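K.L.:
Sequence first, predicted model second:
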Amino acid sequence: QKEVEQNSGPLSVPEGAIASLNCTYSDRGSQSFFWYRQYSGKSPELIMFIYSNGDKEDGRFTAQLNKASQYVSLLIRDSQPSDSATYLCAVTRNFNKFYFGSGTKLNVKP
Amino acid sequence: NAGVTQTPKFQVLKTGQSMTLQCAQDMNHNSMYWYRQDPGMGLRLIYYSASEGTTDKGEVPNGYNVSRLNKREFSLRLESAAPSQTSVYFCASIPTRGKETQYFGPGTRLLVL
């Protein structure tokens, strides 16, 4: 079983819609959760991190964490073509070992 | 402030050759990491260094060695390259405070023939 699972997509949404990305993880001891965006040929860049159960909002992005169900989600409101990228979910217990999902490719159609 | 730098950007090796990938950060970060990313896959941790003088294995350490030369530099060595090591390699670092942000280098594309 992989440590972090994501649907590979592609997830296609029209411009202005809400994109919903999901991630499940297997280690119940995971403490910190991250969403990265990666454009083709580029390095990952941090979008959001979340530690506590519930929602965390930052602009058009909302991260949701449910530790009991072991899932993390990312909502992107008012999706823009520039949001088209691969989104990677990552988890860690203690900032030593990080485990990444394989990523979900998002296409936002104008 | 250059952030995290990696050299080379691209390298072609023949099977059995050796090489060292270099990584340096100028942000005074304690923790540094080496990842590989294969097509359609996420990042997999090869080795990490929580502080100067310490290194530990990650998820996929076989075939690699690392050196944390000083606080700035963390190198990854392939002693005898294999085609299965064809990948994009990313180095990253994390500050002691504000650990939420992992800073990534631009990556090294390695092709082993």
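P.N.:
Done, it's in.
K.L.:
C-alpha only now, for contacts and for neighbours.
P.N.:
Noted.
K.L.:
Would you agree B:Cys23 is in contact with B:Val4?
P.N.:
Yes: using CA atoms under 8 Å, B:Cys23 makes contact with B:Val4 at a distance of 7.0 Å.
K.L.:
list residues touching both of the two?
P.N.:
B:Cys91, B:Gly105 (CA atoms under 8 Å, 6 or more residues apart in numbering or on different chains).
K.L.:
Please identify which of these two sits among more neighbours.
P.N.:
B:Cys23 (26 against 22; other CA atoms under 10 Å in any protein chain shown).
K.L.:
show me where the chain has strands.
P.N.:
If you meant another chain, say so; for now it's chain A. Along chain A, the segments classed as strands by DSSP state E run A:4-6, A:11-14, A:19-25, A:32-38, A:45-50, A:54-58, A:61-66, A:71-76, A:85-92, A:98-100, A:104-109.
K.L.:
oops, chain B please
P.N.:
B:4-7, B:10-13, B:19-25, B:31-37, B:43-49, B:56-57, B:64-68, B:74-78, B:87-94, B:103-104, B:108-112.
K.L.:
Show me the residue at the heart of chain B, geometrically.
P.N.:
By CA atoms, centre = their mean, chain B has its centre lying nearest to B:Trp34, at 3.0 Å.
K.L.:
Next, count neighbours for the closest residue to it other than its chain neighbours.
P.N.:
Excluding its sequence neighbours, the residue lying closest to B:Trp34 (CA to CA, 6 or more residues apart in numbering or on different chains) is B:Cys91, at 4.6 Å. Residues within reach of B:Cys91, counting by other CA under 10 Å, total 31.
K.L.:
quick one, what contacts B:Cys91?
P.N.:
Going by CA under 8 Å, 6+ apart, B:Cys91 touches B:Val4, B:Gln6, B:Cys23, B:Met32, B:Tyr33, B:Trp34, B:Tyr35, B:Phe104, B:Gly105, B:Gly107.
K.L.:
Number of residues surrounding the fourth one?
P.N.:
Okay, so that is B:Met32. There are 31 residues near B:Met32, going by other CA under 10 Å.
K.L.:
What sits closest to the residue in chain A that chain B sits nearest to if chain neighbours are left out?
P.N.:
Proximity of chain A to chain B (CA to the nearest CA) peaks at A:Ser102, 3.8 Å away. The shortest distance from A:Ser102 to any non-neighbouring residue, by CA to CA, 6+ apart, is to B:Gly42 (3.8 Å).
K.L.:
for the one you found, what are its contacts?
P.N.:
Each residue near B:Gly42 by CA under 8 Å, 6+ apart is listed here: A:Leu88, A:Phe100, A:Gly101, A:Ser102, A:Gly103.
K.L.:
Good, we can wrap up now.
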